[in-house]
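[1] attaching a predicted model along with its sequence, questions to come.
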Amino acid sequence: MDVKSEKRNEVVLQGNEACAKGALYAGCRFFAGYPITPSTEIIEMLAGEMQRAGGAFIQMEDEIGSACAIIGARWGGSKAMTATSGPGYTLMQEAIGFAAVTETPIVIVNVQRGGPSTGQPTRSSQQDIYQARYGSHGDYEIIVLSPSSVQEMYDFTIRAFELAEQFRTPVILLSDEVVGHMREKIFIREGSEVIKSEKHRYVVSPQEDFFKGANTTVEGQLHDERGRRIGHIATKSGDFIYNINKKIRDNIDSIASIDTYCMEDADVAIVAYGSVARPALNAVKHARGIRDDRILPKTRIIRDLFKRGFSKTLKTDYSHLKVGLVKINTVWPFPEELLRQATGNVDTVIVPEMNIGKYSREIERVLKDKLVVPMAKCGGEIHTPTEILDKILEVSGLDEEAVK
């Protein structure tokens, strides 16, 4: 790929605004969408910026039309994106399946809110974690990135376009209301990045954009490299399905991404993704002894310990709690090997997430030799550092029974 400029500017942006800026830098020149809270700022910014960048913006009649429009635009030669939230993302599932089977490189942003149905338009959640992976019918693999900061909203949007073009697949940026609406100081780049489409060895579908003279068909049924239907041929159609899955599964090492904090000597690990990774990191810092006394005494267990005269002991021994954080950046495909390596010496894994405890099931499947402790939270509020810290103390044996 060629980068026209590496100069970076420091700005203060909202998460959704950073996503729009990242898309423009990545070369996105077509956006179709329908306003829906809490993703609307992406649409609002691109409504003005896209035309100035030489692209096209269309407000569609609904999310079904939006997803179909960006598929058509990409085959017309423009890098394309849409943005939505839970109810709209549900409507896009058939189009996502079509993009997967036609191997169309598009980017879809889902700024999650509480559900089901209309749910909680102004509150956050991580309830779409399974839908992002299994939303459409049939067998296919998909790439899903989960940012936890405004900087990552910008960087991961660019990365989403790179992965889409490299593996000829739809890529989902799975954000949430907290990240979408927070404001932070970030670095953005000037100019734009030229992301070239690559023909991966597993890719089957036609690769030429429309109007370039190639005699091919873009076909929703199972097809060969020319777009000719092969659904009636078991061996060929079976190979097609294996290929569109293997191009993701066999390249997890180059797709998957995690960050680790204080994991070198950890006995307990917190595994988190998206906005919940922020209070999780705060809790790890406190558990390691970098604490703010204005916060810590408010936790249930620490408050009770102070009442019982354990404050001196805590101040002396508290920093010995060996806790670390594994932040999952690429939630799908699931980063199995990276997670195993990061938690190799860990006994207990705590999984805070804003749903009924969905991703923890995947972690339990992979880390069978560990105690996996789900920390589900519904209702639209993010976990607080003190709630996570209480859970750390519980699994570390510093609960009421342990100090009697």
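    Yes, it's here. Residues are numbered from 1 along each chain as shown.
[2] which parts of the stretch 301-404 of the chain are helices?
    Applying DSSP state H, counting those that start in this stretch to the stretch 301-404 of the chain gives helices spanning 311-317, 336-342, 359-366, 385-395.
[3] columns mean pLDDT, distance to residue 97 and mean neighbour count on top of those helices, output as TSV?
    All C-beta atoms are positioned from the backbone trio N, CA, C, and that covers glycine. TSV is the format used below for the helices of the stretch 301-404 of the chain (pLDDT from 0 to 100; distance: least, CB to CB, whole Å; neighbours: other CB atoms under 10 Å):
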stretch	mean pLDDT	distance to residue 97	mean neighbour count
helix 311-317	40	54	12
helix 336-342	97	25	16
helix 359-366	97	22	18
helix 385-395	94	37	22
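[4] nearest to residue 180, of those?
    Closest approach to residue 180 among these (CB to CB): helix 359-366, 19.4 Å.
[5] who are the packing partners of the closest one?
    Contacts defined by 3 or more CB pairs under 8 Å, 6 or more residues apart in numbering; DSSP states H and E place helix 359-366 against helix 336-342, strand 348-353, strand 371-376.
[6] how about the ones you listed, which one is nearest residue 176?
    Here strand 348-353 is closest among these (CB to CB), at 10.5 Å.
[7] what angle sits between the closest one and helix 359-366?
    Per axes from the mean of the first three to the mean of the last three CA atoms, to 10 degrees, the angle that strand 348-353 makes with helix 359-366 is 150 degrees.
[8] now residue 354: how far from residue 180?
    Distance of residue 354 to residue 180, given as CB to CB, to the nearest Å: 13 Å.
[9] quick one: which of those two has more around it?
    residue 180 (30 against 27; other CB atoms under 10 Å).
[10] state the mean pLDDT of the strand or helix carrying the more buried one.
    Using DSSP states H and E, residue 180 sits within helix 177-181. What helix 177-181 shows for mean pLDDT is 98.
[11] what helices or strands is that helix leaning on?
    Against helix 177-181 (3+ CB pairs under 8 Å, 6+ apart) you get helix 15-25, strand 107-112, helix 150-167.
[12] deepest of these, which one?
    Counting by mean count of other CB atoms under 10 Å, strand 107-112 has the highest mean neighbour count of these, with a mean of 30.
[13] tell me what it is packed against?
    Against strand 107-112 (3+ CB pairs under 8 Å, 6+ apart) you get helix 15-25, strand 79-84, helix 86-91, helix 150-167, strand 171-176, helix 177-181.
[14] so what's residue 321 up against?
    268, 287, 288, 289, 392, 393, 396 (CB atoms under 8 Å, 6 or more residues apart in numbering).
[15] could you check the pLDDT of the fourth one?
    Looking back up the chat, that one is residue 289. So, for residue 289, pLDDT stands at 81.
[16] distance check, the residue nearest the centre of the chain against residue 132.
    Closest residue to the average C-alpha location of the chain: residue 146 at 1.9 Å, with CA atoms, centre = their mean. Using CB to CB, residue 146 is found at 9 Å from residue 132.
[17] and if you look at residue 51?
    30 Å.
[18] quick one: which of these two has more around it?
    More crowded of residue 51 and residue 132, by other CB under 10 Å: residue 132, with 23 against 11.
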